[in-house]
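**Q** here's a sequence, model it:
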Amino acid sequence: MKKYFLIGLFIAFTALTNSAKAQIFLGEAFVGLNLCQVDGDQIMGFHKKGINVGVGVITPIWTKNNFSLDLSLEVLYNQKGAKQGRKYFDDKIDPITGIPITGEYDLSLSYGEVPFMVYFTDKKLVSAGVGVSYARLMSAVEYEHGVKTSATATSGDYDQNEFNILADVKLRVWQRFKLGFRYSYSINKIRTREYHNLDGTSLGNFNQFNNLFTLRLTYVFNERLEDLHREEYIYQGDNPKYHEKAVERKIKRLKKQQEREARRNKQ
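**A** As a prediction, the model looks like this:
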C-alpha cells in the first residue's frame, strides 16, 4: 500500500508540474505545536504536546482577480500521542500486571508524514484548505502507571502506516510569515486494544485513532513581496472598476484621517 501511495504522489506531482508551467512554485518551511489525544484509549482531553516541523512546496493552478486555487505538498516530522496525569492514590495493585494503579499514561508517537493539500486563497492574505496525508510511524514509546510498556513502532502493537484527513486555515501576519491552524484525524485505526476495569474484568476491545490540532508558523521562501500589495495601493490593468474601487477606499481613509485630526484639534 505504501508503494502505491508514493507512486500516486509522484504521478500527481508530475501532472502538477506539467499543468503549471507558467506558474511559480513557492518553497515553505513550517514549525508548529501539536495538541493531541488518541480516541479509543479511555483518556479524554488534548493534553499531549508535540512538534510539527517540515518543508513544502505550493503552487497556484487557477487564479482570477484576487483569488487563487493552490496545491501544496509537504514533508513533515509530526509528533502525536496522548497523556494523563495521576488519578489514583490508594496504591491499589493491578491484578493483571501486578503494578500499582496510578492512572498515569503517556504515549509518544513520532511520524514522518506527507500531506497533500488544496487551498483556496483570498487576496494572498487568507487561505483555507483540505487534504489527505500518508504517515509512517518512526517510533512509539508508551508508559502506563509510570511504567514503560513493551510497545514499539515495530513490535506489532501499532499499525506503521497511517492515513489522515486534514483541514487547514492560515493567515498572513507579516510579509512572508503566515500563522496557521490545522486539524488532523486518522482515517485508519492506529491499533486495537483491550481495556479492563480496576477489578480486572474486560471492558472490551477498542480501535484507536489519532486526533490533533496544530498551531503552525509558515515562512514562504521565494514569494515576491511586491505581489503582496493590495489593489488600492497598486493598480495594473485596463479594467476601470478596480481603479474606481481603489480610489473610493483611498478617499474613505483620507476622510477618516481628517475626522480624527479635527477631533484632536478641538480638544
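**Q** so who does Phe221 touch?
**A** Contact partners of Phe221, counting by C-beta atoms under 8 Å, 6 or more residues apart in numbering, are Leu26, Gly27, Glu28, Ala29, Arg176. From N, CA and C alone the C-beta is placed, and that goes for glycine too.
**Q** from those residues, which land in strands?
**A** Counting by DSSP state E, these place Leu26, Gly27, Glu28, Ala29 in strands.
**Q** which one of these is nearest to Phe89?
**A** When those are compared for distance to Phe89 (C-beta to C-beta), Ala29 wins out at 45.4 Å.
**Q** distance check, the residue nearest to Glu144 when sequence neighbours are not counted against Ile93.
**A** Spatial nearest neighbour of Glu144, excluding adjacent residues (C-beta to C-beta, 6 or more residues apart in numbering): Tyr105 at 5.9 Å. For Tyr105, the distance to Ile93 equals 17 Å [C-beta to C-beta, to the nearest Å].
**Q** so those two - more neighbours on which side?
**A** Taking other C-beta atoms under 10 Å, Tyr105 and Ile93 do not tie; Tyr105 has more neighbours (23 against 10).
**Q** ok, which stretches of the stretch 1-150 of the chain are strands?
**A** In the stretch 1-150 of the chain, the strands defined using DSSP state E, counting those that start in this stretch lie at 26-39, 48-64, 67-84, 105-122, 126-144, 147-148.
**Q** actually, the stretch 151-267 of the chain.
**A** Under DSSP E, counting those that start in this stretch, the stretch 151-267 of the chain gives strands at 161-174, 177-186, 191-196, 202-220.
**Q** for Val132, find the nearest of those strands.
**A** Comparing the strands of the stretch 151-267 of the chain against Val132 with C-beta to C-beta, the closest turns out to be strand 161-174 (6.0 Å).
**Q** so who does Ile165 touch?
**A** By C-beta under 8 Å, 6+ apart, the contact set of Ile165 is Val130, Gly131, Val132, Ser184, Tyr185, Ile187.
**Q** any idea what the fifth one is bridged to?
**A** The residues listed as beta-bridge partners of Tyr185 by DSSP bridges are Ile165, Asn211.
**Q** my guess is it contacts Asn211, does it?
**A** Yes. Assessed by C-beta atoms under 8 Å, Tyr185 is found in contact with Asn211 at 5.5 Å.
**Q** out of these two, which sits in the more crowded spot?
**A** Taking other C-beta under 10 Å, Tyr185 and Asn211 do not tie; Asn211 has more neighbours (18 against 13).
**Q** what's the distance between that one and Thr121?
**A** Distance of Asn211 to Thr121, given as C-beta to C-beta: 27 Å.
**Q** please apply the same query to Asn52.
**A** For Asn52, the distance to Thr121 equals 21 Å [C-beta to C-beta].
**Q** just Ile101 next, same as before
**A** For Ile101, the distance to Thr121 equals 52 Å [C-beta to C-beta].
**Q** same check on Val132?
**A** Noted for Val132: a distance of 19 Å to Thr121, by C-beta to C-beta.
**Q** among the strands of the stretch 1-150 of the chain, which is nearest Tyr158?
**A** Taking the strands of the stretch 1-150 of the chain one by one with C-beta to C-beta, strand 126-144 is closest: 5.4 Å.
**Q** so which elements touch that closest one?
**A** Under the contact criterion of 3 or more C-beta pairs under 8 Å, 6 or more residues apart in numbering; DSSP states H and E, strand 126-144 touches helix 2-19, strand 67-84, strand 105-122, strand 161-174.
**Q** what's the neighbour count on Gly146?
**A** Here the number of neighbours of Gly146 (other C-beta under 10 Å) works out to 13.
**Q** hmm, it is touching Tyr105, no?
**A** No. Here Gly146 does not reach Tyr105: they are 9.2 Å apart, not a contact under C-beta under 8 Å.
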